[in-house]
Structure formats: structure tokens, C-alpha cells
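**Student:** Everything below, folded, please.
(one chain, ligands or ions: 1)
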Amino acid sequence: MPAEQPFLPFALPELGDEELAEIASALKSGWVTTGPKTKRFEAAFAAFLGDAQLHCLAVNSATAGLHLALEALGIGPGDEVITTTHTFTATAEVVRYLGADVVLVDVDPVTLCIDPRLVEAAITPRTKAIMPVHYAGLAADMPALLALAQAYNLKVVEDAAHALPTTSAGQLIGTLGSDVTVFSFYANKTMTTGEGGMVVTRDSALAGRMKVMRLHGINRDAFDRFQSKTPAWYYEVVAPGFKYNLTDIAAAIGLVQLTKLPRFLERRQYLAARYHEALASLPLILPAGPPAGDVHAWHLYVIRLASSAKVTRDELVRALSDRGIGTSVHYVPLHRQPYWRDRYELTSAMFPHSDAAYQSMVSIPLFTAMTDADQDRVIAALREVLG
Ligand SMILES: *Cc1c(COP(=O)(O)O)cnc(C)c1O
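**Tutor:** You can find the predicted model right below:
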């Protein structure tokens, strides 16, 4: 084993002097909550997606954005929302915030994205919406899911926390025409604002509702009031809203990160291709690439042990950790989490693909700031343990 090397985490944001300068400008301006930088960030995000009809609303997390989306769609008690068991709990918890029920289905064994055939089989008269997750940065089967939504009159809210930027049949996620798409700027995502998210929709009525509910159900935000000619103190509360607005300090980081996103994507694609080539001969199932011509955001690089591997997942995690290499597991599926398992009486046998993937999977380091030498360490360690 090589002598002491610094610990290599599985993910790390890439932040620099440009972000610091933009944060400093927010602080010096005296306007630190939602204001001009947030407005610029929303406009820049819409420009990035390249669709002039999109409403982009910055929020303080993707979880908040998903909650706003379902609330605006009128999801409530008695309703069912179908999503994948192979996701982070945030996707499903927002359904419960509104008193509706979550119906979990299994994934496609290759892509680990929600299987549209299982979605169709799970539809009942109570079903109101489908929430696909673009797992690891690979688009779920959106043509099939959007067709189902149309056939059964269901809403679609895309959890695009991993999918910036991702395409489906050549179109960027966020522009496909689902009801709402929500991106995350959490620290380990493909770009970050520390904490934050972006809600995207083409529907003006939904955008209007989410904008009001983002800030206490008030029909004017603080910056509108600050700038306005009419009395600044006057506002109207039209609903019991939430406190989900993004700060200008966070938006400052986002403005700069967004300009770096094309370079970040290129780096992630390069690292993923390099892993693919270097790991091809090991007893591993490597992550599915995108369909020809499509973009995979490569938020995560998830390897799975083949049945011929001599070690278990937990042994592999330990062996990498012993070599100073950080890993993670995405995810402990929801059907194994006590709350979801107990509430809906779920068993592993109901989700064979997600469960088998979970038991054999490891997310290995993939982040823009890692060097080729860092990646060589991961490759060498995997060859040593699995070769
Ligand atoms: C990160 C993540 C979220 C939540 O994002 P936040 O911005 O932290 O709220 C939701 N869904 C998935 C799949 C995620 O990975």
C-alpha cells in the first residue's frame, strides 16, 4: 500500500476567486437576501436552458422546490404520487408534507431510473402525478413517462437534482414540457450555491403560485417593495406560504458557477470516460452511458460489483477507505428506510432491481477538481482489490 496520501473524498465543490468576488459584491451592496443577484441568476439559468418561455424561480433547496411544485399542482390528502424507490428521501417526503401518499416503484436494472411499465401498473384512480429522478445524471425514459402522463391525465414533476445538464432525445432536462422541473445546488451537485435549487416551468399560473408560496404567501417580494414607487410597507398575504427564497449571497455563487458549468461538464465527461476504459476488465457493472447523441451530467459514477467479484460491497468500501479513498452509496433505497418501509409495508422482494443494485453498488470519486493523478489512485486501488 502506498505511503500516507491525503484523503480523497468522493465529492468536493470547485469554488474560486470569482465566486468570492461575486459574494463580496453582494455583501458590499448591502442587499444580501433575495434581490438583484437572484433575479440575474434566474435569468441566466433560463438563458442556459435556452428556452425563452421558461419561468425560473430560485429557491433555497431542491426539496423546497419540489414541495412548491406539488403544492402548486394541488396535490393533497387522498392523492397518490408515483416515484422511484431508488432516490433520496427528499423526492418522496414532499408528497407527505402535503398529506398525499407515495407509491414507490422499482427501477430499470440498467439505467437505475424509474421503469415506465411499473409506473403504468401502479396507476390507480387516486394517482395525480409522477416524479421521475434522472439518476446519477442520466435521463429517465421521459418520452414514455410523458406519454403515460398524457394518457392518464397525470402531472409530471421531474426531480432533476442530478441532471444539470442532461438531455433526453436531444432536449435539455427542464425544457421537455413536464409541469415542473427542479434542480439542486447542494454542495455535491454538478454546480453549487452551498444550498439552493431552481424551479423551472412553462406554466405561468404554476409559476405565479410558486412565486407567492416561496415567500410567505405574500404577493410582493421584499426587493419589489424596496424598488417600488407605491408604499414599500404595503403587502397582502394571500395564502399561508413558506420561506423558501434564495439569498443574493447564494445567488452570487450560482451566477459564477453557471458560467463554469460547460467546463465542469466536460471534465466530468472526461473522468467518466477514463473510468469506463480503465475499469472495463474488472468484475464490475459500469454505469450506463447516455443514448447516442445525448448528454449524461455524470453527477455520480456508480459502479456495481459483478457476481464474479471476490469481495462484498462493504469489503470494497473498507478497502478503498483503507487506501484513503472516499466513497458513498446512492442510495439506501426508500423501501429499506424505516419510515417508508413501515408506512407502506414494503419489502426488498417488491423492488428486486433497486435492491440488488443497492447491495452491490459504490459511488466512487468523481468531481471536477480531482486530478488525473487522483483518479489514477482510485483506478489502481480498484485493480488491486478486484483484479
Ligand atoms: C440532492 C437531492 C435532492 C435534494 O436537494 P436539496 O437541494 O439538498 O434539497 C433531491 N433529490 C435528489 C435525487 C437529490 O440527489
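**Student:** can you list the domain ranges for the protein.
**Tutor:** 17-258, 261-386 (automatic domain parsing).
**Student:** For this structure, which segments are assigned as helices?
**Tutor:** 17-29, 36-49, 62-72, 89-97, 116-122, 142-152, 204-214, 222-227, 248-279, 313-322, 338-344, 352-360, 372-386 (DSSP state H).
**Student:** so which of those helices is the most packed in?
**Tutor:** helix 62-72 (a mean of 26; mean count of other CB atoms under 10 Å). Quick note: C-beta positions are derived from backbone N, CA and C, even for glycine.
**Student:** Need the residues that contact it.
**Tutor:** 57, 59, 81, 90-91, 93-95, 97-98, 100, 129, 131, 157, 159, 161, 179-180, 182-186, 197-199, 201, 206, 209-210, 213-214, 242, 244 (CB atoms under 8 Å, 6 or more residues apart in numbering).
**Student:** nearest to the ligand, of the domains of the chain?
**Tutor:** Closest approach to the ligand among these is made by domain 17-258 (3.4 Å; CB to the nearest ligand atom).
**Student:** ok, the closest one near the ligand or not?
**Tutor:** Yes - taking CB under 6 Å from any ligand atom as the criterion, domain 17-258 and the ligand are in contact, through 61-63, 87-88, 90-91, 133, 159, 161-162, 184, 186, 197.
**Student:** Next one: G137 from P287, what distance?
**Tutor:** Remark: distance between G137 and P287 (CB to CB, to the nearest Å) = 9 Å.
**Student:** Just want to know which of these two has more residues nearby.
**Tutor:** More crowded of G137 and P287, by other CB atoms under 10 Å: G137, with 28 against 24.
**Student:** Contact partners for the residue nearest to the more buried one when sequence neighbours are not counted?
**Tutor:** With sequence-adjacent residues excluded and distances taken as CB to CB, 6 or more residues apart in numbering, G137 is closest to A297, at 3.1 Å. Taking CB under 8 Å, 6+ apart, we find A297 in contact with 134, 137-138, 162-166, 190, 265, 268.
**Student:** looking at those, which has the most residues close by?
**Tutor:** A163 (32 neighbours).
**Student:** now the protein, which segments are flagged as low pLDDT?
**Tutor:** 1-4 (pLDDT under 70).
**Student:** repeat that for 90
**Tutor:** 1-5, 52-53, 219-235 (pLDDT under 90).
**Student:** Count the neighbours of G196 for me.
**Tutor:** By other CB under 10 Å, neighbour count at G196 equals 29.
**Student:** I should have written L12 there, sorry.
**Tutor:** L12: 15 neighbours (other CB under 10 Å).
**Student:** need the contact list for it.
**Tutor:** So, once contact is read as CB under 8 Å, 6+ apart, L12 ends up touching 188, 367, 369-370.
**Student:** mind checking how far it is from the ligand?
**Tutor:** Plainly put, L12 is 16 Å away from the ligand if you go by CB to the nearest ligand atom, to the nearest Å.
**Student:** related to what we said a few turns ago, what about burial for the contacts of L12, which qualify?
**Tutor:** 188, 367, 370 (16 or more other CB atoms under 10 Å).
**Student:** touching the ligand at all, stretch 333-346?
**Tutor:** No - Stretch 333-346 lies out of reach of the ligand by CB under 6 Å from any ligand atom, never closer than 11.0 Å.
**Student:** Can you tell me what sits against that stretch?
**Tutor:** Counting by CB under 8 Å, 6+ apart, 85-87, 89, 92, 101-102, 104, 347-348, 350-351, 354-355, 358 sit against stretch 333-346.
**Student:** mind saving the C-alpha coords of that stretch as CSV?
**Tutor:** Below are the C-alpha coordinates for stretch 333-346, written out as CSV (Å, rounded to 0.1, in the frame of the first residue of the first chain):
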residue,chain,number,x,y,z
PRO,A,333,-33.5,2.6,-1.3
LEU,A,334,-36.5,4.1,0.3
HIS,A,335,-38.1,0.7,0.7
ARG,A,336,-35.3,-0.1,3.2
GLN,A,337,-35.8,3.1,5.2
PRO,A,338,-37.8,2.6,8.4
TYR,A,339,-40.3,5.4,7.7
TRP,A,340,-41.2,4.3,4.2
ARG,A,341,-40.9,0.6,4.8
ASP,A,342,-43.2,0.7,7.8
ARG,A,343,-45.7,3.2,6.5
TYR,A,344,-46.3,1.3,3.2
GLU,A,345,-45.3,-2.3,4.4
LEU,A,346,-42.6,-2.5,1.8
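**Student:** And it, how far out from the chain middle?
**Tutor:** In terms of CA atoms, centre = their mean, to the nearest Å, the centre of stretch 333-346 is set 21 Å apart from its chain centre.
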